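1. what's the 3D shape of this:
(4 chains)
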Protein chains: 2
Amino acid sequence: MAGVELLERPLINIVNLIWSFDRASEQVYLLLVKRASAPYKNRWALPETFMRTKESADQAALRLVKEKIGLELASFHTEQLATFTNPKRTKKERAISLAYMTFLPEMPTLRAGYGASEVRWFRFGYQAEKYCLVSGQKLFWASQAQTEQAYYDQPLASGQAHLAFDHEWIFQVAATRIKNKLDYQPNILLILGNTFTLKEARSVYAPFLMTTLKQIDNSNFKKTHGHLLKDVGMATAGRPGRPPRLYRLKL
Amino acid sequence: MAGVELLERPLINIVNLIWSFDRASEQVYLLLVKRASAPYKNRWALPETFMRTKESADQAALRLVKEKIGLELASFHTEQLATFTNPKRTKKERAISLAYMTFLPEMPTLRAGYGASEVRWFRFGYQAEKYCLVSGQKLFWASQAQTEQAYYDQPLASGQAHLAFDHEWIFQVAATRIKNKLDYQPNILLILGNTFTLKEARSVYAPFLMTTLKQIDNSNFKKTHGHLLKDVGMATAGRPGRPPRLYRLKL
DNA sequence: ACAAAAGTGTTGTTGATACACCCATGT
DNA sequence: ACATGGGTGTATCAACAACACTTTTGT
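-> Alright, predicted model coming up:
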């Protein structure tokens, strides 16, 4: 009996949500790839890979970053999101996905890597109370299902483009998780690199809170979230206005 | 290359932390089993099973409840905890564990099932700022490592009994998670069954907050956590004192 | 001097804690 | 009547949001 179980090992892959920030536009971005092969050929999806036997899932997620965008930094912060195991999530063979999130300290230009015909940064935003991803004419919505079971039971809305597999659900789980951690462990700020200004921090917070930069009062933001930050000096000014202080994420 | 990856599928098992509550002693309990076979033969551990191809991980966790304690309820609340993939976590073959938590609405007597020579409820408590599990002379501590990497790098403290595998670390992650959700989604209250009194709710909160029932003011508890509860009438009194109101977890 | 960017201070409101008081039941 | 268990009310204090004000830079 136990022997039978051992043979029936499901496919395991790693899905990685790679977040980044563009200082020019002051916007948050997420990486999507256009799949080069079946299933879901030519559809946009979150980057995936398989885990090798001698690496941990975290290491596999980091390897994915290197393969997809050719970035060779020593290490970026990667953290576990959740595991997706619903039998309905794939049509053919049973597959289990371990989802991770990576916060890139810079936003490099992309070149399509193994398994992808195209790689692109999608701007993370919101419209009508829903999270979304935008790049040019392309637009993807986060799933609006309230529970996992509801998501897999309902058919996808027609008349709009959808991400491959259950990636719209994974995206929704990810954005919600980040939002919930904003008040006590805002690791998403790591996309700003080593140091950042309060304004940059607020522009990262804004889309997750479904509000705008201007609506987050700088004074109040400092008072409520300042304990999570460490003051590390001044920025040198190159434009009108008082130069901002620089901060770093504590711990 | 891809073909090679597919063949190298790691072992996947499900670990389930089964929580319960004893109304007589007003204490929280966690289920441990004594392993009947290698590895870690005759050591205490969290109950484990392998996932079958036609069930989700959640379903496997529920099946585990039935196998270990012979409980045949329609469904109990089970939720995902985390996934443990560190290559150092097992000595021989690579293994990945998907950890789940089940909140049992009652506390049945146990009979040792498949793969276990003994099954026992361990009282969940704390000593010297650390979570622990107690049953008779047996005592297990939650891991005090601050990060996952720190846990797997450090040797276990000698001079005390340890749970099998990395289960002391999983236990620590679980207790911390429950504590963090106490203020906005206290699913742990499901171990109290359909309805419960405020006193019972406070006695569930107490060990996770490392405090005592008496130190949690009933009036303030109602004001701060009342929005999570629904008033569903009075209990019939059978002992001195005013009969308490009954509550149910909202949603 | 003035506009722009950023940091500081002040006030009103909300929510949490401490604790006194009132209500219902069994003996 | 009174002890026991449980709910209600109030004063105090801390956290937060709104918004006015001051500081530092570039033109």
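
2. how about the strands in the stretch 1-150 of chain A?
-> A:11-22, A:27-35, A:44-45, A:48-50, A:77-84, A:95-103, A:116-127, A:130-135, A:138-141 (DSSP state E, counting those that start in this stretch).

3. as TSV, these with mean neighbour count, mean pLDDT and distance to DNA strand D would be great.
-> Backbone N, C-alpha and C define where each C-beta goes, glycine included. Shown next, in TSV, are these (neighbours: other CB atoms under 10 Å in any protein chain shown; pLDDT from 0 to 100; distance: least, CB to the nearest atom of the strand, whole Å):
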stretch	mean neighbour count	mean pLDDT	distance to DNA strand D
strand A:11-22	22	93	23
strand A:27-35	23	96	21
strand A:44-45	20	97	36
strand A:48-50	19	90	38
strand A:77-84	19	93	24
strand A:95-103	22	93	24
strand A:116-127	17	94	19
strand A:130-135	18	97	21
strand A:138-141	17	97	27
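
4. can I get those in CSV with distance to A:Lys68?
-> What follows is the strands of the stretch 1-150 of chain A, written out as CSV (distance: least, CB to CB, whole Å):
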stretch, distance to A:Lys68
strand A:11-22, 8
strand A:27-35, 7
strand A:44-45, 11
strand A:48-50, 9
strand A:77-84, 13
strand A:95-103, 10
strand A:116-127, 6
strand A:130-135, 16
strand A:138-141, 18
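
5. in CSV: these, plus distance to DNA strand C.
-> Formatted as CSV, the strands of the stretch 1-150 of chain A follow (distance: least, CB to the nearest atom of the strand, whole Å):
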stretch, distance to DNA strand C
strand A:11-22, 15
strand A:27-35, 16
strand A:44-45, 34
strand A:48-50, 38
strand A:77-84, 24
strand A:95-103, 22
strand A:116-127, 21
strand A:130-135, 25
strand A:138-141, 30
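
6. and B:Phe221, which of the ones you listed is closest to it?
-> B:Phe221 lies closest, by CB to CB, to one member of the strands of the stretch 1-150 of chain A: strand A:77-84, at 30.8 Å.

7. sheet partners, orientation included, of the closest one?
-> Strand A:77-84 has the following strand partners under DSSP bridges: strand A:95-103 (antiparallel).

8. show me how far the partner strand is from its chain's centre.
-> Here strand A:95-103 is found 10 Å from its chain centre; the criterion is CA atoms, centre = their mean, to the nearest Å.

9. chain neighbours aside, what residue packs nearest to A:Pro243?
-> A:Ala237 (3.6 Å; CB to CB, 6 or more residues apart in numbering or on different chains).

10. burial measure for that neighbour, as a count.
-> Counted by other CB atoms under 10 Å in any protein chain shown, the residues lying close to A:Ala237 total 10.

11. need the phi and psi values for it.
-> phi -90, psi 140 (degrees, to the nearest 10).

12. please tell me how far it sits from DNA strand C.
-> Separation of A:Ala237 from DNA strand C (CB to the nearest atom of the strand, to the nearest Å): 8 Å.

13. DNA strand D versus that residue, what's the distance?
-> In this view, A:Ala237 and DNA strand D are 4 Å apart by CB to the nearest atom of the strand.

14. and that residue, what pLDDT?
-> Listed pLDDT for A:Ala237 reads 74.

15. same check on A:Ala74?
-> pLDDT, A:Ala74: 68.

16. ok, the one residue in the stretch 101-250 of chain A that gets nearest to DNA strand C to chain B distance?
-> Among all residues of the stretch 101-250 of chain A, A:Gly241 sits closest to DNA strand C, at 2.0 Å; criterion: CB to the nearest atom of the strand. Between A:Gly241 and chain B the distance is 39 Å, computed by CB to the nearest CB, to the nearest Å.

17. any idea which helix is longest in chain A?
-> Longest helix of chain A, by residue count under DSSP state H: helix A:167-181.

18. next SSE downstream of that one?
-> Using DSSP states H and E, the helix or strand that follows helix A:167-181 in sequence is helix A:198-208.

19. that next one near DNA strand D at all?
-> No. Applying CB under 7 Å from any atom of the strand, one finds helix A:198-208 separated from DNA strand D by no less than 11.5 Å.

20. what angle sits between whatever helix or strand comes next after that helix and helix A:198-208?
-> As assigned by DSSP H and E, the chain's next helix or strand after helix A:198-208 is helix A:218-225. Orientation check (axes from the mean of the first three to the mean of the last three CA atoms, to 10 degrees): helix A:218-225 against helix A:198-208 gives 80 degrees.

21. could you give the mean pLDDT of the helix or strand that helix A:218-225 is followed by?
-> Once the chain leaves helix A:218-225, the next helix or strand it forms, by DSSP H and E, is strand A:229-234. For strand A:229-234, the mean per-residue pLDDT is 92.

22. domains of chain A?
-> Domain assignment of chain A by automatic domain parsing yields the ranges A:11-181, A:195-249.

23. right, so of those domains, which gets closest to B:Phe171?
-> Once the domains of chain A are compared by CB to CB, domain A:11-181 is nearest, at 17.4 Å.

24. measure the closest one end to end?
-> 31 Å (CA to CA, to the nearest Å).

25. same question for stretch A:96-116.
-> In stretch A:96-116, first residue to last residue: 21 Å (CA to CA).

26. please apply the same query to stretch A:77-93.
-> End to end - CA to CA - stretch A:77-93 spans 32 Å.

27. residues contacting A:Ile96?
-> Residues near A:Ile96 by CB atoms under 8 Å, 6 or more residues apart in numbering or on different chains: A:10-13, A:83-85, B:12, B:57.

28. chain A against chain B: which residues are in contact?
-> Within chain A, the residues that sit near chain B (CB under 8 Å from any CB of the partner chain) are A:2, A:5-6, A:8-12, A:50-58, A:80, A:82-83, A:85-87, A:94, A:96, A:98.

29. could you dump stretch A:13-31 to PDB, C-alpha only?
-> Output of stretch A:13-31 as PDB, limited to C-alpha atoms (Å, rounded to 0.1, in the frame of the first residue of the first chain):
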ATOM      1  CA  ASN A  13       6.600  23.000 -10.000                       C
ATOM      2  CA  ILE A  14       7.600  26.400  -8.700                       C
ATOM      3  CA  VAL A  15       5.700  29.500  -9.600                       C
ATOM      4  CA  ASN A  16       7.400  32.800  -8.800                       C
ATOM      5  CA  LEU A  17       5.800  36.200  -8.600                       C
ATOM      6  CA  ILE A  18       8.700  38.600  -9.300                       C
ATOM      7  CA  TRP A  19       7.900  42.200  -8.200                       C
ATOM      8  CA  SER A  20       9.900  45.300  -9.100                       C
ATOM      9  CA  PHE A  21       9.700  49.100  -9.100                       C
ATOM     10  CA  ASP A  22      10.400  51.700 -11.700                       C
ATOM     11  CA  ARG A  23      11.800  54.900 -10.200                       C
ATOM     12  CA  ALA A  24      11.000  57.000 -13.300                       C
ATOM     13  CA  SER A  25       7.200  56.300 -13.300                       C
ATOM     14  CA  GLU A  26       7.000  55.500  -9.600                       C
ATOM     15  CA  GLN A  27       5.100  52.400 -10.300                       C
ATOM     16  CA  VAL A  28       5.100  48.700  -9.100                       C
ATOM     17  CA  TYR A  29       5.600  46.000 -11.700                       C
ATOM     18  CA  LEU A  30       5.200  42.300 -12.000                       C
ATOM     19  CA  LEU A  31       6.900  39.900 -14.400                       C
END
